[in-house]
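Engineer: everything below, folded, please.
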Amino acid sequence: MRFKQFSSNLEHPFRKIKGKNMRPSFVSISLKLFVLLQILIISPNLFAQTKLGYVKVDEVIRKANIAKQAEDRLKKEFAPRDNELKKMGAKLKNLAGKFDKEQSVMTNSDKQKAQREISNLEKEIQRKQRQAREDLTQRKNEELAAVVEKARAAIKKIAVEEKFDLILENSVYASPNIDITQKVIKALNDQK
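Structural biologist: Residues are numbered from 1 along each chain as shown. You can find the predicted model right below:
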């Protein structure tokens, strides 16, 4: 009895706030359902009119002629360094071979001198290789940025000409019907 009396005096905190009944009315629920149904009915029509496209950027970069030309430019630019490193490697190999053959007849001071020369040459080769790698990475990034910029310009041009509403790059799945990768590659290859 005591419990019933106590619970009847309590009010639910969400039902009344400052004397107002906060219970949703039938009219407000009906209005919300009506609006939700209208959105569900209209939204397929909105999406049906949206034209979507998809581009595989990594494929564009691999197959477009401008990317191949950029790679050729890099090879040509870094060929002298590669040749220099190969010559230094051959010189190191010759010095090490000569040292191995003659070390038994060399004096201690000659051995130390030859070992120091080999060590210095190894360090020089490593320094030049590291510098060449850093420079090559920087140049690759610059060339890649230029290719991506041109690819995005081609994508934008195709989007405007063919009235696309949205073009996506690199998604998990896209229907072949909306894939415009080959169009982008063709547009880039046609550019001069």
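Engineer: now the strands for the chain?
Structural biologist: 16-17, 20-21, 52-55, 166-169 (DSSP state E).
Engineer: tell me the mean pLDDT over the second one?
Structural biologist: In other words, strand 20-21. For strand 20-21, the mean pLDDT works out to 52.
Engineer: shift numbering so it begins at 10
Structural biologist: Okay, using 10 as the starting number, the last item reads as strand 29-30.
Engineer: now Lys96: how far from Lys120?
Structural biologist: 25 Å (C-beta to C-beta, to the nearest Å). All C-beta atoms are positioned from the backbone trio N, CA, C, and that covers glycine.
Engineer: swap in Leu145?
Structural biologist: 37 Å.
Engineer: burial measure for Ala160, as a count.
Structural biologist: 22 (other C-beta atoms under 10 Å).
Engineer: tell me the contacts of the nearest residue to it once chain neighbours are set aside?
Structural biologist: Spatial nearest neighbour of Ala160, chain neighbours left out: Val69 (5.1 Å); criterion: C-beta to C-beta, 6 or more residues apart in numbering. Contacts for Val69 (C-beta atoms under 8 Å, 6 or more residues apart in numbering) come out as Ala76, Ala160, Thr190, Val193, Ile194, Leu197.
Engineer: point out where this protein drops to low pLDDT.
Structural biologist: Along the chain, segments meeting pLDDT under 70 span 10-33, 35-36, 42-43, 45-47, 49-57, 201.
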